[in-house]
Structure formats: C-alpha cells, structure tokens
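# fold the following and give me the result.
(2 chains)
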Protein chains: 2
Amino acid sequence: MALFMANAYIRHESEAKGCKMTQGKRVTAGVLLIGDELLSGRTRDINLSEIAKFLAPLGVAVAECRVVPDEQDRIVEAVNHLRQACDYVFTTGGIGPTHDDITADAIGAAFGQTVDVRDDALAIIEEWYAKTQTPLTESRKRMARVPAEAILIKNPVTGAPGFQTGNVYTLAGVPKIARAMLEDVAHRIEGGAVTLSRTVATGGLREGDLAEGLGKLAAEYPDVSIGSYPYFFEGPDGEIKRGTNLVARGTDEALLGEVVEKLADLSRSVGGKPVIDPPDAK
Amino acid sequence: MALFMANAYIRHESEAKGCKMTQGKRVTAGVLLIGDELLSGRTRDINLSEIAKFLAPLGVAVAECRVVPDEQDRIVEAVNHLRQACDYVFTTGGIGPTHDDITADAIGAAFGQTVDVRDDALAIIEEWYAKTQTPLTESRKRMARVPAEAILIKNPVTGAPGFQTGNVYTLAGVPKIARAMLEDVAHRIEGGAVTLSRTVATGGLREGDLAEGLGKLAAEYPDVSIGSYPYFFEGPDGEIKRGTNLVARGTDEALLGEVVEKLADLSRSVGGKPVIDPPDAK
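Here you go, the predicted model:
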C-alpha cells in the first residue's frame, strides 16, 4: 500500500471520526511525556510518534514535545507553557494507581481545579472491575481522582479513564492504552490544514550527493518543507548499507506532487534510481 | 547477565573512560532532540534513551528533554534554557550537509559566536572523504561550519565531527553516529553520584495489587525512587499477558539492596513470584 493518502480521502476519514476541520488553518499540539523511566533511559518512548501520526490526518501538527520527571512542579510548569503555546496538549503517563502517579494532581494544580474521586469516574472503574472480577482496592479507586471540571476519556483496554481539562488531554503512559484513548478524542478536535507527507527513496544516494539540489528546491518552494533522512543498516552479508530518503511535507497537494517529481528528477541527475512513496520507506 | 552493576565496578569503568567523578554530587543533563521528523511521527527517537544510558554510569542524570523542529528561534530558546537549567546539554540532529541542517548556526546564535567553515574541522572532513574516495562537494564542506570557540567531537562513523560549545554537546541525529560520538565525550564530563537501578519482576501481578504496599515503602524510604511499570504483550497463543515490574533507583547501594528485598517480600505477600534483577526485564 502506498504511504501517500490524498487530501480528500484523509478529510473524509477524519470527519467520519467526528473531527471538525477548518481548511487552511494551522492547528498545533504540544505533547508532554511524563515519567522518570523515560529520562533514565529505561523506557524508550513511542507515544510521541503515535500521537503525531494520529493527529496528522485530523489537521493537527505536533509543534513541540517535552519530557519531564514525576515531579508536580515540573509537570505544572510544562502543562502551563504548552497549553498557552499550542491549540491542544496531550500528556502521557502518571495516571495509574500507585504513589508515583501524580498527573491528575498536577493537571488540577495547573488549572486551579480541585482533584477528588469523582462519582462518574468511580462508576466506570467499579463496573470494569466487577466485570473482570478484580478486587477494587483503595489504590484502584485512586484512578477515579480527576480534576473537578474534566471530561472523561474512555479507556477500552483497562477501564480507568483518561480525562480532558480545557485543551489538555491526559492519556495513560502504556502505549496500547494511550492509543486506544485517542479514539475518544478525535471527535473533540477542531483540526485545520492537513500536512501531507510524501517520500522519495533515492536508491542508495547520500545526503552530500543531493544537498546542493535540495537547497535550490527548498528555496524555490518555500511553502513545502523538504527534508533528507540518511539511514544505515546492516545487510545480510554484514556489510553496512546506507541511503537517503527525501521527504516533502506541506498542505497543498498539487504543489507537493510537483516537488516530488522534482525530487525524483534530482535523484536521477546524480545517479540514483528514485522510488516515489515506497511502501517500506526507512 | 544480571542488569545490576555494583557501584564500585561502575566507578572503575567510568574512570577508565576518563570521566572525573565527585561522589555524592547531583549532576544533571538536558537533552534537546532537533528535527521536524520527530514531531511529525515519521521518526521514533531512540537517542534520548541511549544518551541517558550512556550518562548514568558516569554519574550524570538526564533531568529534562525537549523536542523542537528545525527552526532556529526554537532551537536557540531551548538551548539557552537547558544550558542554564542543567550541568550538561546534549543536542541531536541537524548537523548534516543539507539546507535544513541549521543546528550549528543555532548553537552559534545561542552563544553569540560566529559560525564559519573552520580549518580543523575541514581538515578532518577532507581526509575522511579522500580515504573513502567520495567527492568533497560544497555541501559536504558545510559540515565543517562550527561555532568559533567550539571543541570538535570525533565521528568514527562518517567523519564529519560533532562539537562542544561550553556545556553543550552537539551530536548527529543518526543514532549510530550519535552513540559513537559519545565515546569522545566521556573524558570531558565531571560526573557525580551514580544513580543505580534495580528491578524486581513480580511475576504477572498488576499495579493495583501492589499499590498500597508500594506507597508505604516509598514513604519509608524517601531517598529511594520506587516506580512500577505495567506491561502488556501478546503471548504465542494470541492471549494478552500482563504484569508489572518494580524499579528502585537511588545512589545508596546498601539502601537499594534493602528496598529490593522489601519489594520482593511485598510481591510474595500478594501472591507473586518475584525475580530480582531479571536479565530480560520488560
């Protein structure tokens, strides 16, 4: 399957999810990843890329990401920065049942809202645990603590809900749960222009072979962001193979098509065998 | 091999790399990941965890991470924040030969240093390309542009050096190159207390089973950070398996040993079969 999706198709699919979209507008998101384990290197984050890929077809571009430890002051500071700087904010992590799960309190503090066990959240958790015959301990009830004015976000994986406070969406840290929660977020988003992305694999060329031509194209098409991504991998014979993918990103589908053809021409002009929108782009 | 390394062994190995260490001092690093591709979700970062794991045994703890696009103002702002807030800063990305590689200029701007092709950097690049019989294009010469007072960092993978400007270490974005550059950084670091990390696998328990006991232990041992990390994976039979790992982190080896035993006791008390420092901790 080609990686490239046409604008009309993306719009159709996104609106089917309930997302409102305003053509031409730039809408941004900030992502806040919360957890000591991300900064210690124990856990390698995958939520940022999953959130970005979920938001792109809704017409929301991730503009900034921060990673902070499980410390209330640091979370509050980052949330308050991001919710001013971006249209939407997505936080991951720190909403489980243990002592180091302090995200609800931090979000409450950032918004000046009290945080207590809320009946609607508790009802969801009680029902979930009754169904799965798991004892509802005091710690598990803690997961019903959400800011006073927050709107709950469904968690079809483990029951305990996420929550939306103003423009801040608080998701679980476990990627499987965070991703599932996003399905209950799309209909709350008012997206803008969709940034389309197309790739030209250059067939083993290096960045240095392409750089001069790329610079000229970037100057010629200021409304298209042109990036080059070198890669290295070990072939089956143990030899290190390398190559470069070119990526054009922008909101104008026709203009992007034009640039993609020029990127392919450029690759050919320096001896490459370009493939446009390869299914297995590295 | 056990994941746990004793403090004395870590110190010995780190000092062998040339790292100076001051026992008891907290030394921090900020990480700045630069690149549109990280925010678009096209590329999933692995540099943060690699940098954190490299620094930990040198007695440097990553305290904060930011991800910014290829925009000079945003890079400058983040660099200037992090170099004040942390003892060391590591940036990745944006030092290649193409038009969107603007990290050197941004670092120069942050430090008020001019950025030009520097003879020492150019000599390294010339020698590298002569050896690999690759044409030295104008674009490749661009990689010799570094801030006026920067100290070069060796790149044994592709030649073009990284550079150190004050307390800011600028590395490549390709993980293989970034990791190799760190080897020329260790001897420039003055580390502090090493944060040791030990894991107790609880054998299929859930966070909610453990949360109350964990809260008590966390209160009893304020100098040890106790975290719980739930995980989910699909078994060969297609069934979703779940479990929780407990992680104790701190600088006092004996205290950590005590806490690890209590975490194992806690797991047993709620029906788990704990394994301390399992080689394959999820």
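
# quick one: the strands in chain A, in order.
Along chain A, counting by DSSP state E, strands occupy A:20-21, A:28-34, A:61-68, A:88-92, A:115-117, A:145-147, A:151-153, A:162-165, A:168-171, A:190-191, A:196-201, A:225-234, A:240-250, A:275-276.

# parallel or antiparallel, list what pairs with the third one.
The sheet places strand A:61-68 alongside strand A:28-34 (parallel), strand B:61-68 (antiparallel), with pairing taken from DSSP bridges.

# so for A:Asp100, which of the strands of chain A sits nearest?
Closest approach to A:Asp100 among these is made by strand A:28-34 (10.0 Å; Cβ to Cβ). Every C-beta, even on glycine, is put in place using the N, C-alpha and C of the backbone.

# give me the angle between that closest one and strand A:88-92.
On the basis of axes from the mean of the first three to the mean of the last three Cα atoms, to 10 degrees, strand A:28-34 is oriented at 20 degrees to strand A:88-92.

# ok, and what's touching strand A:28-34?
A:45, A:47-48, A:51-52, A:55, A:60-70, A:75, A:78-79, A:81-83, A:85-94, A:103, A:173 (Cβ atoms under 8 Å, 6 or more residues apart in numbering or on different chains).

# repeat for stretch A:121-139
In contact with stretch A:121-139 (Cβ under 8 Å, 6+ apart) are residues A:97-98, A:140-141, A:143-146, A:152, A:158-161, A:163, B:206-209, B:211-212, B:215.

# among those, name the buried ones.
The neighbour-count test (16 or more other Cβ atoms under 10 Å in any protein chain shown) marks A:97-98, A:140-141, A:143-146, A:152, A:158-161, A:163, B:206-209, B:211-212, B:215 as buried among the contacts of stretch A:121-139.

# narrow the residues you listed to those in helices?
A:140-141, B:207-209, B:211-212, B:215 (DSSP state H).

# in space, what's closest to A:Tyr169 - neighbours in sequence excluded?
Residue nearest to A:Tyr169 in three dimensions, not counting chain neighbours: A:Phe90, with 5.0 Å by Cβ to Cβ, 6 or more residues apart in numbering or on different chains.

# surely the one you found is in contact with A:Leu48?
No. Taking contacts as Cβ atoms under 8 Å, A:Phe90 lies outside contact range of A:Leu48: 9.1 Å.

# so between those two, which is more surrounded?
A:Phe90 (30 against 25; other Cβ atoms under 10 Å in any protein chain shown).

# and that one, what does it touch?
Each residue near A:Phe90 by Cβ under 8 Å, 6+ apart is listed here: A:29-32, A:51, A:168-169, A:171.

# pLDDT score for it?
If you check A:Phe90, the pLDDT there is 98.

# A:Arg11 contacts A:Leu196, doesn't it?
No. Between A:Arg11 and A:Leu196 there is no contact under Cβ under 8 Å: 11.1 Å.

# picking up where we left off before, mind checking how far the residue nearest to A:Tyr169 is from chain B?
Using Cβ to the nearest Cβ, to the nearest Å, we find A:Phe90 at a distance of 12 Å from chain B.

# one more: A:Gln72?
Computed as Cβ to the nearest Cβ, the A:Gln72 to chain B distance reads 14 Å.

# surely A:Ala78 and A:Pro69 touch.
No. Between A:Ala78 and A:Pro69 there is no contact under Cβ under 8 Å: 10.5 Å.

# those two - which one has more neighbours?
Neighbours were counted for A:Ala78 and for A:Pro69 using other Cβ under 10 Å; A:Ala78 has more, 25 against 19.

# re the thing from before, which one of A:Arg11 and A:Leu196 has more residues nearby?
A:Leu196 (22 against 19).

# any regions of the stretch 1-150 of chain A where pLDDT drops low?
Filtered on pLDDT under 70, the stretch 1-150 of chain A yields the residue ranges A:1-6.

# dump the ones in helices among the buried ones among the contacts of stretch A:121-139 to CSV, plus distance to A:Leu255.
Listed next are those as CSV, based on distance: Cβ to Cβ, whole Å:
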residue, distance to A:Leu255
A:Arg140, 52
A:Lys141, 54
B:Glu207, 49
B:Gly208, 52
B:Asp209, 56
B:Ala211, 53
B:Glu212, 59
B:Gly215, 56
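
# ok, the residues you listed vs A:Gly24, which is closest?
Nearest member of those to A:Gly24, counting by Cβ to Cβ, is B:Glu207, at 44.9 Å.

# who touches that closest one in this structure?
A:96-98, A:139, B:228, B:230, B:244.

# columns distance to B:Thr114 on top of these, output as CSV?
Formatted as CSV, the contacts of B:Glu207 follow (distance: Cβ to Cβ, whole Å):
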residue, distance to B:Thr114
A:Gly96, 50
A:Pro97, 55
A:Thr98, 51
A:Ser139, 58
B:Ser228, 50
B:Pro230, 51
B:Thr244, 53
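
# contact partners for the closest residue to chain B within the stretch 151-282 of chain A?
In the stretch 151-282 of chain A, the residue found nearest to chain B is A:Ala211; the distance is 3.2 Å by Cβ to the nearest Cβ. Counting by Cβ under 8 Å, 6+ apart, A:Ala211 touches A:228, B:96-99, B:137, B:139-140, B:142.

# per-residue pLDDT, it?
93.

# what's the closest non-adjacent residue to it?
B:Ser139 (3.2 Å).

# from A:Arg179, how far off is that neighbour?
39 Å (Cβ to Cβ, to the nearest Å).

# show me the beta-bridge partners of the residue nearest to A:Tyr169.
A:Val31, A:Tyr169.

# how long is stretch A:35-47 from one end to the other?
12 Å (Cα to Cα, to the nearest Å).

# residues in contact with the nearest residue to A:Val185 once chain neighbours are set aside?
In space, A:Val185 comes closest to A:Tyr169 once its chain neighbours are excluded; the distance is 5.6 Å by Cβ to Cβ, 6+ apart. Contact analysis of A:Tyr169 by Cβ under 8 Å, 6+ apart lists A:88-91, A:153, A:162-163, A:185, A:188.

# ok, A:Asn80 next?
So A:Asn80 contacts A:Ala110 (Cβ under 8 Å, 6+ apart).

# and it, how far from chain B?
Distance from A:Asn80 to chain B, by Cβ to the nearest Cβ: 15 Å.

# touching chain B at all, stretch A:248-261?
Yes. Judged by Cβ under 8 Å from any Cβ of the partner chain, stretch A:248-261 comes into contact with chain B at A:Arg249.

# residue ranges with poor pLDDT in the stretch 151-282 of chain A?
If you take pLDDT under 70 as the line, the stretch 151-282 of chain A has these spans: A:281-282.

# what does it put close to chain B?
A:157, A:174, A:176, A:195, A:197, A:206-212, A:214-215, A:218-219, A:225-232, A:247, A:249.

# which members of these are classed as buried?
The buried subset of those - by 16+ other Cβ under 10 Å - is A:157, A:174, A:176, A:195, A:197, A:206-212, A:214-215, A:218, A:225-230, A:247, A:249.

# surely A:Gln113 and A:Val168 touch.
No. Judged on Cβ under 8 Å, A:Gln113 makes no contact with A:Val168 at a distance of 11.2 Å.

# which one of these two is surrounded by more residues?
Set side by side, A:Gln113 and A:Val168 show more neighbours around A:Val168, with 23 against 17, by other Cβ under 10 Å.
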